[in-house]
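Engineer: any chance you could fold what I've pasted below:
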Amino acid sequence: MALFLVSCGGGGSAGTNVSVSVTPATANVAVGESQQFSATVTGTTNTAVTWSVTGGAPDGTISPAGLYQAPAVVPTPAQVTVRAALQADPTKAGTATVTIVPASSHVQVSVSPASPTVALFGTQQFTATVTGTSNSAVTWEVNGTAGGGKQFGFISSSGLYLAPGGVPTKSDGQGGSTTTTLTITAVSAASSTATGSATVTLLPANQGAQNLPIALGASGGNANDSFTSGQTITCCGGTLGSLVTRGGTQFILSNNHVLARSDIGAIGDPISSPGLIDNNCRSATPVANLTQFYSLESGAPPKIDAAIAQVVVGDVDPSGKILYLGSTTDSNGVPVAGAPHAGSGVTATIGEPVAKSGRSTGLTCSTVFSVYTGTSVQYQKGCGTGATFDVSYTNQVDVAGGSFSAEGDSGSLIVDQNTADPVALLFAGSDTDTVGNPVADVLNFFKSGSNSVTFVGGGPHVVVGCTLPAAPQSGTLTAASVPSEALQEAISARDAHYAELLAHFQVQAVGIGPSYDAPGEPAVLLFVAPGTPQGVLPAIVDGVRTRIVEGPLFAKSGAVSAEESAELEKSAAPPQLVYHVAPEEMARAHAVQAAHLEEWMSKRGVQGFGIGSSADGPGQTALVIFLIRGEAHEPIPPVIDGVRTRVREGRRFRAGVARREPRVSACHAGPSPRAAGAKAGE
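Structural biologist: Numbering: from 1, shown residues only. Predicted structure coming up:
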């Protein structure tokens, strides 16, 4: 009977030839991560095992099925032993050595594709590969923002990227803005320090060659705008902005420095698209011929930077369509080309939502920051080779945000977002602003006798691209830090006058904080109910600016500290970059601005003097003083003749160039009579 029981093998002890092995035999497991182990038993049919883990403290846990869970921290020592013991005979066992490692040194993430080019408003699927962990989940970021946003585009949880309508920009180090790439990042869910990334180049349709007849907003310019030196040829590019008509003849409208090479072009010069810069410095299709331009150096006021070129019949869409400027989208959700509202355009107003479609950044959307702006702009003759000179302008339109345009967008037509009415002709800018000539000044210059000049187009319509989730909007408003000694000035002013300030029945509390009209300066904060008449409150107290904070009944009253002021502001609406101002406010400010324009434009470090809205006094106008960053300037008074001032600091306004310098062997030494090229900038 005993022999029979043993030979059946049922729950008896194992023989001497039984062995147990564990796979994998060694493993690196990140803290908090898991690793599946398996046991192989030979020499018996009873393969059940018992799992255990021993070693450093803490050593983690292991399930009956062999799933090991590492501890949340690296144990001491860092190695532990995973053991699988035969249940029928625990002396028969196999082991594996596990090293617990920090998550960052173990988990790796890669993203594919690594460096794609994506069309504006287009999509791109990204894939993340995670190694070193069984957790393959990732979260996606665009330029450091989870899920992305309007400025740089959106990305879904599955890695599907939706590009924005405009190309991101950065400072070019010389005063202007230039286009740049963006970064898609996958962050491991197992370890936030484990990431992989891809570099994305956004490509606007404005730069590519089009089938004839072309839509405008496209790359192009004077075919002679190139320069050869030694073994290199420099070629430049700008934007063919819009279509105008005079006496039944159609013309392309753009800048002098795009079509006429900053006064050195010749009537009849071929104008081509795409520009040399976007065609490897080789000839492209001539679509027009230079007809007339305003002389930048000798032209009579009002100064403009504009030129027109008569179209080659059949080469330009006669309806005046501009890329991305339509009221509808195609089947892929990309805005179609659309014509502006036909006619003479409109006068820009502070806070007006505007858009433009240009060669370098595509479709961008922002708001008018200031009007009646006097400014000085720097030019260079030829394609980055000739002498530089300055032109002083008055009555210009300033659009907020350096990302609204970049080098190569010069010549773009700026239109109202809601009606597509032309507002201004883009010609210059800095890393913070874009400047345009009012369209009325431009059209008046080109009229001939009884023949007026008007924009070719259709009816009013919304620029749909500015309403889409991926449409970038330029301009932000953030508070700059205030030095402690300056903040003390505001504290002293508050302490000396809080009783009389609280005597205004609208004022609930008096505090201190940063000014938004003068970044880096302090302000005495007046906490008031919404709709409080602004004129009854002072703009300055003992030489310190005041800032009005509107909100419901605030939690504290009386004199409050900087910390308490910051807490009270959380219940108020956030400050806006631009506010609406009433016509009577504009008239008051315009009289003051006109009286002081020449004085302020002659001051050191000042490059512009216009009228905008105050950020410290919502609903009030402000005299906007554009300072050149890094240059010394005299102190800016908080008010001038009773009107608040607002400081806008940026790089030097200039009409720069979008430039390329390939070797001569890679392109023609000079353009042919039907070649393309252009100089441009913002």
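Engineer: C-terminal to the least confident helix or strand in the chain by mean pLDDT, what's the next element?
Structural biologist: Evaluated with mean pLDDT, DSSP states H and E, the helix-and-strand set of the chain has its lowest mean pLDDT in helix 2-8, which scores a mean of 35. Where DSSP states H and E defines the elements, the next helix or strand beyond helix 2-8 is strand 19-23.
Engineer: pull the CA atoms of that next one into PDB?
Structural biologist: Output in PDB follows, covering the C-alpha atoms of strand 19-23 (Å, rounded to 0.1, in the frame of the first residue of the first chain):
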ATOM      1  CA  SER A  19      14.300  22.100  -9.300                       C
ATOM      2  CA  VAL A  20      12.700  25.600  -9.300                       C
ATOM      3  CA  SER A  21      13.900  28.600 -11.300                       C
ATOM      4  CA  VAL A  22      12.600  32.200 -11.400                       C
ATOM      5  CA  THR A  23      12.400  34.400 -14.500                       C
END
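Engineer: all numbers from here: first residue = 13
Structural biologist: Right, with 13 as the first residue, what we last looked at is strand 31-35.
Engineer: packing partners for that strand?
Structural biologist: Judged by 3 or more C-beta pairs under 8 Å, 6 or more residues apart in numbering; DSSP states H and E, strand 31-35 is in contact with strand 50-54, strand 88-98, strand 105-113. Glycine gets a C-beta too; all of them are placed from N, C-alpha and C.
Engineer: helices and strands around the shortest one, which ones?
Structural biologist: Counting contacts by 3+ C-beta pairs under 8 Å, 6+ apart, strand 50-54 is packed against strand 31-35, strand 61-69.
Engineer: return the most buried member of these.
Structural biologist: Highest mean neighbour count of those: strand 31-35, a mean of 18 (counted as mean count of other C-beta atoms under 10 Å).
Engineer: how far off centre is that strand?
Structural biologist: The chain centroid and the centroid of strand 31-35 are separated by 58 Å under C-alpha atoms, centre = their mean, to the nearest Å.
Engineer: before we move on, what about stretch 75-94?
Structural biologist: With C-alpha atoms, centre = their mean as the basis, stretch 75-94 stands 46 Å off its chain's centre.
Engineer: if we can go back for a sec, wait, which of the helices and strands packed on strand 31-35 is closest to Y336?
Structural biologist: Evaluated with C-beta to C-beta, the helices and strands packed on strand 31-35 place strand 105-113 nearest to Y336, the distance being 50.0 Å.
Engineer: let me see the mean pLDDT of the helix or strand just after the closest one.
Structural biologist: Where DSSP H and E defines the elements, the next helix or strand beyond strand 105-113 is strand 120-124. Average pLDDT, strand 120-124: 94.
Engineer: and for stretch 340-360?
Structural biologist: For stretch 340-360, the per-residue pLDDT averages 96.
Engineer: again with stretch 524-542
Structural biologist: pLDDT averaged over stretch 524-542 gives 95.
Engineer: now it: how far from the chain's centre is it?
Structural biologist: Distance, centroid of stretch 524-542 to centroid of chain: 27 Å (C-alpha atoms, centre = their mean).
Engineer: alpha carbons of that stretch, as PDB, please.
Structural biologist: Output of stretch 524-542 as PDB, limited to C-alpha atoms (Å, rounded to 0.1, in the frame of the first residue of the first chain):
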ATOM      1  CA  ILE A 524      -1.000  98.700  -2.000                       C
ATOM      2  CA  GLY A 525       0.300  96.600  -4.900                       C
ATOM      3  CA  PRO A 526       1.900  96.700  -8.300                       C
ATOM      4  CA  SER A 527       1.000  99.100 -11.100                       C
ATOM      5  CA  TYR A 528       0.000  97.600 -14.400                       C
ATOM      6  CA  ASP A 529       0.500 100.900 -16.300                       C
ATOM      7  CA  ALA A 530       4.100 101.200 -15.200                       C
ATOM      8  CA  PRO A 531       5.500  97.700 -14.600                       C
ATOM      9  CA  GLY A 532       7.900  97.700 -11.600                       C
ATOM     10  CA  GLU A 533       6.300 100.700 -10.000                       C
ATOM     11  CA  PRO A 534       4.000 100.600  -6.900                       C
ATOM     12  CA  ALA A 535       0.400 101.800  -6.800                       C
ATOM     13  CA  VAL A 536      -2.100 102.700  -4.100                       C
ATOM     14  CA  LEU A 537      -5.000 100.300  -4.700                       C
ATOM     15  CA  LEU A 538      -8.600 101.600  -4.500                       C
ATOM     16  CA  PHE A 539     -11.100  98.800  -4.000                       C
ATOM     17  CA  VAL A 540     -14.500 100.000  -5.400                       C
ATOM     18  CA  ALA A 541     -17.800  98.600  -6.600                       C
ATOM     19  CA  PRO A 542     -18.300  97.900 -10.300                       C
END
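Engineer: all helices of the stretch 563-694 of the chain, in order?
Structural biologist: 574-581, 595-613 (DSSP state H, counting those that start in this stretch).
Engineer: contact partners of the last one?
Structural biologist: It stands for helix 595-613. With contact meaning C-beta atoms under 8 Å, 6 or more residues apart in numbering, helix 595-613 is reached by 362, 384, 386-388, 404, 406, 593, 618, 620-623, 631-635, 637, 652-655.
Engineer: restricted to strands, list these.
Structural biologist: Of the positions in the contacts of helix 595-613, 384, 386-388, 404, 406, 618, 620-623, 633-635, 637, 652, 655 sit in strands, assigned by DSSP state E.
Engineer: those residues, buried ones only, as a ChimeraX selection?
Structural biologist: Per 16 or more other C-beta atoms under 10 Å, the buried members of the ones in strands among the contacts of helix 595-613 correspond to this ChimeraX selection:
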select :384,386,387,388,406,618,620,621,622,623,633,634,635,637,652,655
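Engineer: could I get the helices of the stretch 563-694 of the chain as TSV with mean pLDDT and mean neighbour count?
Structural biologist: TSV is the format used below for the helices of the stretch 563-694 of the chain (pLDDT from 0 to 100; neighbours: other C-beta atoms under 10 Å):
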stretch	mean pLDDT	mean neighbour count
helix 574-581	94	18
helix 595-613	96	16
